[in-house]
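Asks: Pasting the sequence and the predicted coordinates here, then a few questions.
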Amino acid sequence: MVESDIVKGAHEAALELATEFAPNAGSKPSEAVEALSEFGATITSTFNNNIKSLFGGDRIRPLGTMAFIEAASALDPTLGVLAPVAMMDLLVVKQQSQFQLPTFLEGESPDPHDIVIQQSIVNV
């Protein structure tokens with residue numbers, strides 16, 4: 001059932017992309033970019049929500065991207081020739097910060113005054 005929901009969500013997102021992005025790509029680039037952004041958000045959300053429910057909640061989050069890449073490669077074998085690139089954002093907050101880590105997974109960020117170190121690490 002989970003796989004079916006993922007495929008259905010991807011299909012719906014792709015249909016919306018086809019009707020919103022393709023017609024506007026040449027004449028209305030800002031609307032086309034918006035449609036492409038919405039497609040990415042929808043398919044990622046669909047995938048992450050279903051994988052999370054199948055494999056035990058947030059513990060699967062670190063593997064979600066790799067599982068997403070493998071699923072995409074199964075649908076398009078030419079993607080297998082691409083080497084994955086990774087980025088990690090390191091964020092260290094003050095020990096006395098009131099920031100609660102579980103809220104980070106819900107999209108909340110610590111107060112900028114509580115951040116001691118913020119560094120992006122990229123693997124190319």
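Replies: Arrived safely. Residues are numbered from 1 along each chain as shown.
Asks: would you list every one of the strands in this protein?
Replies: Under the criterion DSSP state E, the chain contains strands at 86-93, 115-123.
Asks: ok now the longest one, how far from the chain's centre?
Replies: Which is strand 115-123. Put simply, strand 115-123 sits 19 Å off its chain's centre (CA atoms, centre = their mean, to the nearest Å).
Asks: Adjacent strands (with direction) for that strand?
Replies: As defined by DSSP bridges, the strand partners of strand 115-123 come to strand 86-93 (antiparallel).
Asks: hmm, who's touching the partner strand?
Replies: If you take CB atoms under 8 Å, 6 or more residues apart in numbering as the criterion, strand 86-93 is touched by 99, 110, 114-123. For glycine as for every other residue, the C-beta is placed from the backbone atoms N, C-alpha and C.
Asks: can you list the residues you listed in TSV and add neighbour count?
Replies: Below are the contacts of strand 86-93 laid out as TSV (neighbours: other CB atoms under 10 Å):
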residue	neighbour count
F99	15
P110	20
D114	16
I115	15
V116	11
I117	8
Q118	12
Q119	9
S120	9
I121	9
V122	9
N123	9
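Asks: Cool, thanks, signing off.
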